[in-house]
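A.B. asks: Turn this into a model:
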Amino acid sequence: MEKAAARYGNCQELAKALDIPKSSVHYYLVGRLTLPKSLLERTLEIAEDDDLATRVAKSGVALDRLWSIEHAHGVFRDMCREKLKLPTRSELEQDQELRRKAAAIISYVIAEGSVWMSKEVCGEHAVNITFAEHETDLYAHFRGLCLDVFDYDIGPPQFPGNGAKAIRGFIYSRFVAEWLIENGVPAGEKASKAIMFPSWISQVKDEETWEAAIQPFCDGEGTVGGNSRTPSFRISQSRHTDLDFVSLPHDLHWRGTSRTLPSGALRNMRVFEIPVLDYCTYVCRSEILDDVNALLLRIGFRTSTKITSMYLKDNGFWSCTWEILFPSSQAHMLLELGLVRQSRKRARLNRDI
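C.D. replies: Alright, predicted model coming up:
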């Protein structure tokens with residue numbers, strides 16, 4: 001390419017002669033793209049160097065069209081990757097601000113989003129995040145985190161279009177999705193899988209990282225209850241079980257509640273000769289809520305996880321609801337530490353406190 005460009009004075013004139021983009025000439029020069037055989041022959045003719053033509057004929061390797069297509073895809077993937085910032089483990093360990101923001105993103109996707117198959121044939125994943133229609137402040141916060149950590153803008157909130165009162169954002173990047181998977185966010189259905197924080201969150205000695213990881217669960221899975229005298233706050237999450245409809249008593253109208261068995265009804269039930277609550281505690285725990293609770297204990301809360309109910313899903317299997325309940329005396333700490341950002345929850349806690 002250099003010899004051929006020299007014949008025309010520069011790469012731009014060579015590109016005109018070959019009727020190809022100037023950028024292609026550049027990529028051929030740096031070895032980023034392979035030369036098609038027809039283009040190679042034309043370039044050698046322009047270069048008029050018999051010795052070069054002989055060396056190319058002896059050392060050149062001809063590859064089929066399928067290889068070149070896959071290579072082009074690989075180049076495109078590398079170009080897409082270069083447009084992103086994907087934090088490495090060492091960067092997360094050394095840069096506290098980056099680690100805190102990355103921890104919040106992981107928790108947001110676990111609490112409010114999912115990693116799903118974008119292109120099944122190619123095995124590529126993408127990410128979506130869903131908030132309630134009024135949670136525009138949380139959406140803006142998550143959007144800012146993605147921009148700061150990945151240099152990726154999810155854009156303004158989108159509406160589902162199915163009448164649901166929700167807003168959604170999407171990360172159409174296989175590389176971000178793979179990064180999330182590598183850092184503890186499972187692809188597909190989350191409630192059926194064991195999810196835990198990566199070690200750079202759970203083992204780091206930095207309270208602000210712990211708080212950044214807790215906050216999305218408080219906002220995404222948290223609920224303000226009680227009244228002005230005894231305010232309450234709880235974080236709930238479901239975990240699928242392997243217990244089907246016939247495993248538990250068939251009367252689902254415990255005190256009139258259809259499909260739901262509260263903890264009070266579960267205390268005397270047994271499955272496989274084991275108390276149901278014990279079975280779920282050992283087999284169907286919410287590992288991620290255990291991790292959240294462990295971080296809460298480190299920063300001074302007095303909380304614990306427990307089963308509050310079981311719900312019969314449409315597929316005939318039971319789903320177990322785990323919960324972290326905060327003492328009313330510590331509700332003010334949620335605001336002081338910034339663990340609740342959503343405006344309605346903050347207003348409710350301020351009123352109750």
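A.B. asks: Where does the prediction get shaky in the chain?
C.D. replies: Scanning the chain with the threshold set as pLDDT under 70 gives 32, 60, 63-81, 120-123, 227-229, 231, 249-257, 352-353.
A.B. asks: Look up phi and psi at the most far-flung residue of it relative to its centre.
C.D. replies: In the chain, the greatest distance from the average C-alpha position (CA atoms, centre = their mean) is reached by Asp50, at 56.1 Å. According to degrees, to the nearest 10, the main-chain angles of Asp50 amount to phi -60, psi -40.
A.B. asks: In the strand ranked longest in the chain, which of the residues would be classed as buried?
C.D. replies: In the chain, with assignment by DSSP state E, the single longest strand is strand 231-244. Of the residues in strand 231-244, 231, 233-241, 243 count as buried by neighbour count, 16 or more other CB atoms under 10 Å. Placement of C-beta: from N, CA and C, glycine included.
A.B. asks: helices and strands around that strand, which ones?
C.D. replies: Contact here means 3 or more CB pairs under 8 Å, 6 or more residues apart in numbering; DSSP states H and E; on that basis strand 231-244 packs against helix 207-220, strand 222-226, helix 276-283, helix 287-298, strand 305-312, strand 317-326, helix 331-336, helix 343-352.
A.B. asks: what angle separates the fifth one from helix 276-283?
C.D. replies: Just to be clear, that refers to strand 305-312. 110 degrees (axes from the mean of the first three to the mean of the last three CA atoms, to 10 degrees).
A.B. asks: so what strands line up beside strand 305-312?
C.D. replies: The pairing partners recorded for strand 305-312 under DSSP bridges are strand 260-262 (antiparallel), strand 317-326 (antiparallel).
A.B. asks: Please tabulate those strands in a markdown table, including the columns mean neighbour count and distance to Trp179.
C.D. replies: Converted to a markdown table, these look like this (neighbours: other CB atoms under 10 Å; distance: least, CB to CB, whole Å):
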| stretch | mean neighbour count | distance to Trp179 |
| --- | --- | --- |
| strand 260-262 | 17 | 37 |
| strand 317-326 | 21 | 27 |
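A.B. asks: Select, out of the ones you listed, the one closest to Gln94.
C.D. replies: Taking CB to CB as the criterion, Gln94 comes closest to strand 317-326 out of these, the separation being 31.2 Å.
A.B. asks: got the angle for that closest one vs strand 231-244?
C.D. replies: Using the same axes, to 10 degrees: strand 317-326 against strand 231-244 is 160 degrees.
A.B. asks: Using PDB, write out the CA atom coordinates for strand 317-326.
C.D. replies: As requested, C-alpha coordinates have been extracted for strand 317-326 and formatted as PDB (Å, rounded to 0.1, in the frame of the first residue of the first chain):
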ATOM      1  CA  PHE A 317     -44.000 -23.900  41.700                       C
ATOM      2  CA  TRP A 318     -43.700 -21.800  44.900                       C
ATOM      3  CA  SER A 319     -41.700 -18.600  45.100                       C
ATOM      4  CA  CYS A 320     -40.300 -17.700  48.500                       C
ATOM      5  CA  THR A 321     -40.300 -14.000  49.600                       C
ATOM      6  CA  TRP A 322     -37.300 -12.900  51.700                       C
ATOM      7  CA  GLU A 323     -37.300  -9.700  53.600                       C
ATOM      8  CA  ILE A 324     -35.000  -7.300  55.500                       C
ATOM      9  CA  LEU A 325     -36.900  -5.400  58.100                       C
ATOM     10  CA  PHE A 326     -35.300  -2.200  59.600                       C
END
